[in-house]
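> Fold the following for me, if possible:
(chains A, B and C)
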Amino acid sequence: MTLADSQSLKDLIARRRAGHSLAADFYRRQDIFEADMELIFGRHWIYVGVEPDVPEPGDVVVVDIGKTSVLIVRDDDMNIRAFHNVCRHRGARLVSTPNAVVGNLVCRYHSWTYGLDGKLLFADHMGEDFDKSCRGLKPVHLRSIAGLLFICLAEEPPKDIEAMAEALTPYLAVHDLPNCKIVKSTDLIEHGNWKLTMENNRECYHCGANHPELTVPLFAYGFGFSPKTLDEGEREQAARYQALVCDSHARWEGAGAASREVEHLADRVTAFRAERLPLDQHGESQTLDSKVASRKLLGQINDPAMGGLSVWTQPNSWHHFMSDHVVTFSVIPVSPTETLLRTRWLVHKDAVEGVDYDLENLTQVWLATNQQDADLVEITQAGVESPAYEPGPYSVFTEGLVEKFCDWYLGRLSAGLATDLAEAA
Amino acid sequence: MTLADSQSLKDLIARRRAGHSLAADFYRRQDIFEADMELIFGRHWIYVGVEPDVPEPGDVVVVDIGKTSVLIVRDDDMNIRAFHNVCRHRGARLVSTPNAVVGNLVCRYHSWTYGLDGKLLFADHMGEDFDKSCRGLKPVHLRSIAGLLFICLAEEPPKDIEAMAEALTPYLAVHDLPNCKIVKSTDLIEHGNWKLTMENNRECYHCGANHPELTVPLFAYGFGFSPKTLDEGEREQAARYQALVCDSHARWEGAGAASREVEHLADRVTAFRAERLPLDQHGESQTLDSKVASRKLLGQINDPAMGGLSVWTQPNSWHHFMSDHVVTFSVIPVSPTETLLRTRWLVHKDAVEGVDYDLENLTQVWLATNQQDADLVEITQAGVESPAYEPGPYSVFTEGLVEKFCDWYLGRLSAGLATDLAEAA
Amino acid sequence: MTLADSQSLKDLIARRRAGHSLAADFYRRQDIFEADMELIFGRHWIYVGVEPDVPEPGDVVVVDIGKTSVLIVRDDDMNIRAFHNVCRHRGARLVSTPNAVVGNLVCRYHSWTYGLDGKLLFADHMGEDFDKSCRGLKPVHLRSIAGLLFICLAEEPPKDIEAMAEALTPYLAVHDLPNCKIVKSTDLIEHGNWKLTMENNRECYHCGANHPELTVPLFAYGFGFSPKTLDEGEREQAARYQALVCDSHARWEGAGAASREVEHLADRVTAFRAERLPLDQHGESQTLDSKVASRKLLGQINDPAMGGLSVWTQPNSWHHFMSDHVVTFSVIPVSPTETLLRTRWLVHKDAVEGVDYDLENLTQVWLATNQQDADLVEITQAGVESPAYEPGPYSVFTEGLVEKFCDWYLGRLSAGLATDLAEAA
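Numbering: from 1, shown residues only, chains lettered A, B, ... in the order given. Predicted coordinates for the structure are as follows:
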C-alpha cells in the first residue's frame, strides 16, 4: 500500500473505540483487505491443514492464500515440506487440482521436473550453460504442532511459534492427530469479511438463538453470562457447572491430558488459547446424542468422556478435539467480502465407516453449525456495509474474546505498518 | 470523492454541450456513480413505494439504495415509519428478506429486540450500565404524498417536498391510492446506467418503433413531433388531438380531478411533472383494448374514460394513474451499468381477481414495454461505452424532457459538489 | 493513464531481463491492460477476420475490441468497409448481434438510418436546421491483405502495412482466400492475459507433451531443439528433415507459391513472419491422417502436398494455409486475465459438406489443440499471479519467437508511452 494509504489506515486504527466492533472500513475496503493479506496473512503463522492431509510419500495438497499457491508435500523420507506452486520456467502452476499423488512434481507445460525435495531434476532444450541448481522450487516455512500444520509466507517467520508448540503439545498429544484420517472435508464460502468469521467464532452469545444442534452437547454456562440477571435457580446451575469444570480438569490432567485454560490471544504474535471443557448430557462428544461418534477412541484414550478440547489460534483457526474425533477449521480470506472456511473431520486411522462410525452422525452438528454461522456472517457483512452502521458495544460477559481478537488484529496491523514505514524511511 | 475528483467532475459538467446527450463518463465512471449515489440519491427525495406496500401493522418492506438498506414499517398506530436496517449491536441486517410481517424487529444474531417505533426493548448480557435509550434504530425521513412514499437519506431533506405534495395531491387524490392493493410487482435489472433508464422514460420518440403494445392506447401526437414535416392530413389529426386534450381537461377538472400540465422538472430541487392525457380508442386505460382492466373503479371515480394521469419525479420515478388501475415505477441504481426498475400494479383493494380483473390483461402492456425499454437501455449503454461515442443532438420537438432531466441532474450534481467543497474549505 | 503510471510502466519496461519471461505485472495489472488496449490494440493493425466473413452486399459482422465495437460491412459495390457501431444520435449500438444482413444500418432506438457507406440517410423530428451530412457513422481504417482483414483504430495507422501486404501476398495468393467460405467458427475465452496466449503460440516446445493431435502431421524437428543433446540417430533425422525443407521450398516456389521464411517480428511496427513447411506422414494437411480434409483444393492448387504455410502477425494473429483448407486465429483481449480466441476454418467456396469434406475431420485437430492451449494459458496465468513468480529463462533453441514477441511488445509499449509523454509536454 502507498504511504498515504498506510497513514490513513494508521489513523483509522488510532480512532478505534475500545470495547466496540470495528469501523466498517475494516470489513469492506479493498486496500485494507490487501493490507490484511500482506501484513496479517503474509507475516504470521497460518493454519492450513493436518498431517493426515498427506499421509503417504508423494501425497500433495494445494493451499491457496490470496494469489499465493502453496504445495504441501510428503517426501520419500516422510518429511512434510511446503513449496510455492510455481514453475521456475514460465511460471505455470504445477498442480492445479486440490490434491495429487505424484512421483515427481512435473510441470505440464514444458515438462520441467522437480523432486519431492523441490530440486529441479530435468529441463529439456535449455542448453549447456543452464544451471539447474538455482532453479529449484521456492520453499515455504512449515511447522507441525502435534499434527496441526502451520505455514508462514514471510522470509523470517515469527519465532514464538516455538512457545505455542510447547504450550499446546500437552493438550494435543493425547489425541494422536498424526494417526488420524480425514473422513470428511468441506469448503464453505462465507459472504463476509474474514474478521466477521473469526469474531463470530470467538463468542457463543449467539449460540442459543442460532445453533439448535451445537447447543445439545454444550453447557449453557460455558461461554459467559451476565451474573446479575440470573435468578436463584440459574445461579445454582452456574455454580454446579463451575464445580464440574474444576473436577473434570483435575481428572483429565491426572490422566495426562492438559486441560486448564491457557490463553495468549492478545499478548503474543503467534496467538492462541486452549481449554478442555466438559460436555453436557452423556458428556462424550459434540454429537446430537452427546455420545462418541466413533467407537475407536483416539491415541491411547480409554475414557470416552474427555469433554471437548477447544484450541483457537490467530489469525485463522479453531479446533475441537474429543476422545473419538477431531473437527478442525481453517479460515482463508478470498476478497473483502468472501471467506473460505475449510472444515475437516478426523477419526482414528483404523476406524471403519459403518462399523466404528456413521459419517452422518459424526458430521451433522458442525455441518449445520457452519451453515448457520455463514448466514450470520452474511447478514452482518450486509449490515456493516451500510453508511448507517456505527461500531456497537461488546458484552463484557460474553464477547471478551471478540475484543481480544480485535485488539490482536489491530496491534499486528499497526506493527506491520510501522515496520514498512521504518523500511521506507 | 477526493477534491481532485470533484474538480474533474466540475470541469466535465462545465464542458457539457446544451441540447446534447451527456458525455460518456457520466454513464460509466465508478466515481461519478458514487457521486450520483451520494449527491443525488443521498440528498434528494427518492420514490420507493406505496402505502399499500405495508397495509397492516407489522408489515415491513426492505428498500436497498446502494449499500443503504431501509426498513419501511407500518406501526401499531397505522403510521408508516422508516429505519436503517442495521442492528445497533454488531451491525447485522435486521430483515434480510424483501418483505416481512413482524411483532417486533428482532435481530437474529444476539436477539436484540426493537419495537415498531424503533426503540430498543431488549438486549441480553449487556450489564447494568448499558443505556438502551441511545441504541434505538436510526430513523430515515419518510413522506407520503397521497399514498406515494418518498424517503430521504440526508439529515436535512429538501424542504420543497411540501410544494410537490401540494401540487400533486389534487391530481392524485381522486385515485385513492391508500385504498388500493398491489396485485403484481416486478424487479427488472436493466443493463445500463440509471440515467439512461430515466432518459428513455422522458421521451416517446422511440415508442413508435419499439412499443407495439403501449402505442395501442396512446395517441401518436401526444409526445411531440416536428410540425413542418406533417402533411395536411397529419396536421388535421394533430389539431383534432389538441382539441380533444382541451375538452378532456375541462371535463375532468370539472369533475374534481386536476389534469392540466404542471411542470417543475428543471427549476425545483424536488422536481416533478404531472398531466392527465386522453387515451386513444376506447380511451379508458393503458391496456391492449384500451378499456378498463378492472371493473372496480378507483376511489369515487364513476367515469372509466379518465385517460391517463402521468406523474414524473426526479431523480427516479414515473407513474400512470387510470380510472381502474395504477402502474408505478421506481428506479434504483445498482452499479454504473446496472439499474433496478421496480414496477407495481395496483387496483381497488376490493377488486377480486378473476371477477373484477384479469391479471394478464392488466399487466401485459407494461410487462412488454419494460422489457423493450430495458433492451434499448442496454444497447445504449453498450454504445456510449465506446471511445467513438460523442454526445449527439436531442430533438427539440420530442426530447425536451430528456434535456430537462439532464439539466436538473447536472445542476443538482453541481450544487452537491459546491456544498462539499464549501464544507471542506 | 496518468503520468505517474506512465513513468512506473517505463521503469518496469527498463528493468526487463532479456531472455526471460515478463514481470508478473504485465500479465495482471489493470492499468497495464488498459495501456495494452490503448497503445497496442488502439494504434496497430489488428487482425479481425476474412473477406468471406461478409461475402455479399449487406453482410455485417461485429468485432468488439475492448469497449470499441466495429461494424465490418460489405457495401453494394462489393467494397468492405468498417464503421464504429455507435449511433450518432444518443449512442445506441446499431448492431447488437454478432452478424447481420441489412439493407441499410437502422438504429432500433429512434430509427436513424445509415447507408452501407455510413451516410446518415434519415432522422425524424430533428427540424430544419439539422445537418445530416456531419452525422454519418465514424469510419475505421480497414485493409485486406489477400483476404485477411486488418483494422486500425488510430487516426493515423502505421504505414508499414503496405510492406507487410507486399511481402505476404506472394505466400497467400495461391490459396485464394476471397473465394473460400467459412465452415466453422469458434469463440474460446482463455483465462489468461492475451500475451500468454500469444507466447504460447510462438513456440512448439510444449507441443510434444500437450498436443497429441497436432503432432501427428507436424515434424518433430520443425520447431527448434538443443543440438548437443541429440544422439546419432536423432542427428540423422534432423538432417534429413532439413533437406526435405530445402527441396520442398524449391518445388513450391517453382510452382509460384512463396515458401521460404520471411520474418519481421521484432524490427517492424506492423510485424509478421511467414514460412511454408512440409508436413509429416502424407504431408498434405493438418489433419489426423495428414491427408487433405477437403477434396476441392483451394484456388488453382493441383498438388495436395503443399505442406502448411504458417503466417504470424503481431500483436494478435496466426494462420495455417494448406492446399485444401485454412485455419485462422484472432486474439482479442477481454480483461487482464481473459482473452478471446476466435478461430475460423475455411474451404473452397464450392466444396460441399459430406461430399468434398467432413466437418469433424476438418476441425478436430485445432478444436483439440485450442482447448489444450487454453488450459496451458490458464495454469500459467494462475502461476504468474503468485508473489513467488519471477521471470524464468527462455530456451534459445525453442523459444526464440517468444522472446521476439516480448521484445516487440515492450518496444511498441515504450514507443506509445514516449509519444504520449511528448504530447503531454
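
> can you give me how far stretch A:220-230 is from the chain middle?
What separates the centre of stretch A:220-230 from the centre of its chain is 27 Å, taken as CA atoms, centre = their mean, to the nearest Å.

> That should have said stretch A:319-336, apologies.
5 Å.

> Check stretch A:398-411 too.
With CA atoms, centre = their mean, you get 16 Å for stretch A:398-411.

> what's the answer for stretch A:82-97, then?
In terms of CA atoms, centre = their mean, the centre of stretch A:82-97 is set 25 Å apart from its chain centre.

> If you average the pLDDT over it, what comes out?
Average pLDDT, stretch A:82-97: 98.

> same question, stretch A:380-395
97.

> Look at that stretch and report the distance between its end residues.
In stretch A:380-395, first residue to last residue: 17 Å (CA to CA, to the nearest Å).

> which secondary structure elements does the helix or strand that contains A:Ala163 contact?
Here A:Ala163, judged by DSSP states H and E, is contained in helix A:161-172. Where contact means 3 or more CB pairs under 8 Å, 6 or more residues apart in numbering or on different chains; DSSP states H and E, helix A:161-172 is packed against strand A:141-145, strand A:148-152, strand A:262-264, strand A:271-277, strand A:308-314. From N, CA and C alone the C-beta is placed, and that goes for glycine too.

> Recalculate using a threshold of 7 Å.
Other helices and strands packing on helix A:161-172, by 3 or more CB pairs under 7 Å, 6 or more residues apart in numbering or on different chains; DSSP states H and E, are strand A:141-145, strand A:271-277, strand A:308-314.

> could I get the ones you listed as TSV with distance to B:Ser69, mean neighbour count and mean pLDDT?
Converted to TSV, those look like this (distance: least, CB to CB, whole Å; neighbours: other CB atoms under 10 Å in any protein chain shown; pLDDT from 0 to 100):
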stretch	distance to B:Ser69	mean neighbour count	mean pLDDT
strand A:141-145	43	18	98
strand A:271-277	34	22	97
strand A:308-314	31	23	98
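
> next SSE after the helix holding A:Ala163?
Downstream of helix A:161-172, the first helix or strand assigned by DSSP H and E is strand A:180-190.

> tell me which strands and helices that next one is in contact with?
strand A:338-348, helix A:359-384.

> So what's the gap between that strand and the chain middle?
12 Å.

> Name the residues of the stretch 1-150 of chain A found near chain C, please.
Along the stretch 1-150 of chain A, the residues adjacent to chain C under the rule CB under 7 Å from any CB of the partner chain are A:67-69, A:84, A:86-93, A:96, A:108-111, A:125-128, A:138.

> wait, is A:Glu203 part of a helix?
No - the assignment for A:Glu203 by DSSP: H, G, I helix; E, B strand; the rest coil gives coil, which leaves it out of any helix.

> Enumerate every residue touching the residue of the stretch 151-300 of chain A found nearest chain C.
When scored by CB to the nearest CB, the stretch 151-300 of chain A has A:Leu153 as its residue closest to chain C, at 8.0 Å. Taking CB atoms under 7 Å, 6 or more residues apart in numbering or on different chains, we find A:Leu153 in contact with A:42, A:65, A:68, A:140.

> can you pull out the helices in chain A?
In chain A, the helices defined using DSSP state H lie at A:3-14, A:25-28, A:30-35, A:161-172, A:194-201, A:207-210, A:232-254, A:359-384, A:400-424.

> okay, these in TSV with mean neighbour count next?
Shown next, in TSV, are those (neighbours: other CB atoms under 10 Å in any protein chain shown):
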stretch	mean neighbour count
helix A:3-14	14
helix A:25-28	21
helix A:30-35	18
helix A:161-172	18
helix A:194-201	24
helix A:207-210	18
helix A:232-254	14
helix A:359-384	21
helix A:400-424	17
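
> okay, those in TSV with distance to C:Thr313 next?
As requested, the helices of chain A are exported to TSV (distance: least, CB to CB, whole Å):
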stretch	distance to C:Thr313
helix A:3-14	42
helix A:25-28	45
helix A:30-35	38
helix A:161-172	55
helix A:194-201	46
helix A:207-210	61
helix A:232-254	74
helix A:359-384	48
helix A:400-424	45
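
> so where's chain A uncertain?
Within chain A, the ranges that satisfy pLDDT under 70 run A:1.

> thinking again about what came up before, give me the angle between the helix holding A:Ala163 and strand A:141-145.
30 degrees (axes from the mean of the first three to the mean of the last three CA atoms, to 10 degrees).

> Check chain A for the residue nearest chain C and tell me.
Counting by CB to the nearest CB, chain A gets nearest to chain C through A:His84 (3.7 Å).

> and that residue, bridged to which residues?
Note on A:His84: beta-bridge partners by DSSP bridges are A:Val70.

> Separate out the buried members of the residues of the stretch 1-150 of chain A next to chain C.
Buried positions within the residues of the stretch 1-150 of chain A next to chain C, assessed by neighbour count (16 or more other CB atoms under 10 Å in any protein chain shown), are A:67-69, A:84, A:86-93, A:96, A:108-111, A:125-126, A:138.

> Could you list the residues of chain A in contact with chain B?
Residues of chain A lying near chain B by CB under 7 Å from any CB: A:21, A:205-206, A:209-210, A:225-226, A:228, A:376, A:379-380, A:382-389, A:392, A:395-398.

> Give me the distance between the closest residue in space to A:Ala258 that isn't next to it in sequence and B:Thr328.
Residue nearest to A:Ala258 in three dimensions, not counting chain neighbours: A:Pro170, with 3.8 Å by CB to CB, 6 or more residues apart in numbering or on different chains. Using CB to CB, to the nearest Å, A:Pro170 is found at 69 Å from B:Thr328.

> I'd like the distance from stretch A:185-204 to the chain centre, please.
Stretch A:185-204 sits 10 Å away from the centroid of its parent chain (CA atoms, centre = their mean).

> Identify the residues contacting it?
A:22, A:26-27, A:223, A:318, A:331, A:333-334, A:336-344, A:370, A:373-374, A:376-378, A:380-381, A:398-399, A:401-402, A:405, A:409.

> swap the cut-off to 6 Å and go again
If you take CB atoms under 6 Å, 6 or more residues apart in numbering or on different chains as the criterion, stretch A:185-204 is touched by A:27, A:223, A:318, A:331, A:333, A:336, A:338-344, A:370, A:373-374, A:376-378, A:380-381, A:398-399, A:401-402, A:405.

> show me the contacts for the residue of the stretch 151-300 of chain A found nearest chain B.
Distances between the stretch 151-300 of chain A and chain B by CB to the nearest CB are smallest at A:Ser226, namely 4.3 Å. Shown in contact with A:Ser226 (CB under 6 Å, 6+ apart): A:397, B:125, B:127.

> Which residue is the nearest non-sequential neighbour of A:Glu399?
In space, A:Glu399 is closest to A:Glu203, 4.9 Å off (CB to CB, 6+ apart).

> So what does the one you found have for phi and psi?
Note on A:Glu203: its backbone torsions stand at phi -150, psi 160 [degrees, to the nearest 10].

> State the distance from the nearest residue to A:Thr287 once chain neighbours are set aside to C:Asn179.
Spatial nearest neighbour of A:Thr287, excluding adjacent residues (CB to CB, 6+ apart): A:Ala293 at 4.9 Å. Look at A:Ala293 and C:Asn179: by CB to CB, they are 74 Å apart.
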